[in-house]
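# coords please:
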Amino acid sequence: MEADRRRVLLFIAAGLLVATLIGVTVWYAGSPTENRDQQTSGAASVATSTAHTEKAYGV
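Below you'll find the model as predicted:
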């Protein structure tokens, strides 16, 4: 009977460990990074900067 109890506790411990690893991986993958922030702000500044284009085409 002691072996069954030990097996159940080991199964629960392994399940908690795997669930924790999956949770941390999903959390890390979903969190923003510096590179994504820089790309977004760079794209926004390029899209909104039209003064140079207007001067080039005489608008």
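
# which element is A3 on?
helix 2-30 (DSSP states H and E).

# need the next SSE after the worst-scoring helix or strand of the chain on mean pLDDT, C-terminal direction.
The helix or strand of the chain with the lowest confidence, counting by mean pLDDT, DSSP states H and E, is helix 34-48 at a mean of 54. Next helix or strand after helix 34-48 toward the C-terminus (DSSP H and E): helix 51-57.

# only alpha carbons, please: show stretch 52-59 as PDB.
What follows is stretch 52-59, C-alpha atoms only, in PDB (Å, rounded to 0.1, in the frame of the first residue of the first chain):
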ATOM      1  CA  HIS A  52      10.300  64.700 -46.000                       C
ATOM      2  CA  THR A  53       8.000  63.100 -48.600                       C
ATOM      3  CA  GLU A  54       6.000  66.300 -49.100                       C
ATOM      4  CA  LYS A  55       9.200  68.300 -49.600                       C
ATOM      5  CA  ALA A  56      10.500  65.800 -52.000                       C
ATOM      6  CA  TYR A  57       7.400  65.800 -54.200                       C
ATOM      7  CA  GLY A  58       6.700  69.500 -53.800                       C
ATOM      8  CA  VAL A  59       3.300  69.000 -52.200                       C
END
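
# going forward can the numbers begin at 131, since that is how I track them
Sure thing, new numbering starts at 131, so read that last one as stretch 182-189.

# so where is this protein shaky, pLDDT-wise?
164-181, 183, 189 (pLDDT under 70).

# count of neighbours near V138?
10 (other C-beta atoms under 10 Å). Every residue, glycine included, has its C-beta placed from N, CA and C.

# one more: A143?
By other C-beta under 10 Å, 10 other residues sit near A143.

# also L140?
Around L140 there are 10 residues (other C-beta under 10 Å).

# can you check H182 too?
Counted with other C-beta under 10 Å, H182 comes out at 8.

# got it, and R137?
Other residues within reach of R137 by the criterion other C-beta under 10 Å amount to 10.

# repeat for A149
For A149, using other C-beta under 10 Å, the count is 10.

# measure it to D134 for me?
23 Å (C-beta to C-beta, to the nearest Å).
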